[in-house]
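**Q** let's see this in three dimensions:
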Amino acid sequence: MQRFTDKVVIVTGAGSGIGEATARRFSQEGASVVLAGDERAKLDRVAQELPPERTLVKVTDVSKYRQVRALVEATVKRFGALHVLFNNAGIAIDGSVTEAPLDGWDRIMGVNAGGVFHGCRAAMPHLIESKGCIVNTGSVSGLGGDWGLALYNASKGAIVNLTKALALDHGKDGVRVNAVCPSLTFTPMTADMKKDRKLMAKFRERIPLGRGADPSEIAAVVAFLASDDASFVSGVALPVDGGLSASNGQPNMA
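**A** Coordinates of the predicted model:
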């Protein structure tokens, strides 16, 4: 498929994991892709395997609005327009509200929720012009709570509801806004979890498909939400969770 030929896409957190996989997917489908992240070496590694004439690297701290605005301006200057914004950059901080580091709240909200807000604020005028769309990376952790992840849950919950508010406010402008909400996905962020056999067994027991996701599987859903195939889809927080949210939470008694 070449659904994004002549389209311009920004991907934040593009240096690894879901961001990298999605940047590759957009590029494979013909898009000009701007790789944004806070580590140039990671971005350059991804960029060297993409067509140089359709690829731009921009080191960006999404918690800083001026840097995000500069990212959007550089994108439009290089490629002439912006059609898709994938707000994917994020961090995780463990702990309950009494256990997490005191500065953790500002850090996680600044990157996760703040990054989405900054991206949408800076990109919206260009997306209105192009009748483009936004996809945000939420999480099943933004649809329900986890033990010991209070700050992460709060940040992802904020993204999910911000997505809905954006869809309401900007539908009249022709801009669609959706969120993808993965469960366990095997990225560098979850590398330590993958090594824990007991924990992985618990995930396999809870996820009906019996496994975690590959980043490419999340990327495929992001590409769908950003494409014309989803032209009447907006305000959705779509679980991509192997069936996890199909459960009412009770144990398997079979």
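**Q** all helices for the stretch 1-150 of the chain, in order.
**A** Here the stretch 1-150 of the chain has its helices, by DSSP state H, counting those that start in this stretch, at 17-28, 40-47, 65-79, 104-108, 114-130, 150-170.
**Q** so which of those is the most packed in?
**A** helix 17-28 (a mean of 25; mean count of other Cβ atoms under 10 Å). (Each C-beta comes from the backbone N, C-alpha and C, glycine too.)
**Q** I'd like to know which elements that one is packed against.
**A** strand 8-12, strand 32-37, helix 40-47, strand 84-87, helix 215-226 (3 or more Cβ pairs under 8 Å, 6 or more residues apart in numbering; DSSP states H and E).
**Q** repeat that for 7 Å
**A** strand 8-12, strand 32-37, helix 215-226 (3 or more Cβ pairs under 7 Å, 6 or more residues apart in numbering; DSSP states H and E).
**Q** chain center to that helix: distance?
**A** 11 Å (Cα atoms, centre = their mean, to the nearest Å).
**Q** can I get that helix as CSV, trimmed to CA atoms?
**A** Provided in CSV are the C-alpha atoms of helix 17-28 (Å, rounded to 0.1, in the frame of the first residue of the first chain):
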residue,chain,number,x,y,z
GLY,A,17,10.1,1.0,19.7
ILE,A,18,6.6,2.0,18.5
GLY,A,19,7.9,5.3,17.1
GLU,A,20,10.6,3.7,15.1
ALA,A,21,8.3,1.0,13.7
THR,A,22,5.7,3.6,12.8
ALA,A,23,8.1,5.9,11.1
ARG,A,24,9.3,3.0,9.0
ARG,A,25,5.7,2.1,8.2
PHE,A,26,4.8,5.6,7.1
SER,A,27,8.0,5.8,5.0
GLN,A,28,7.3,2.4,3.4
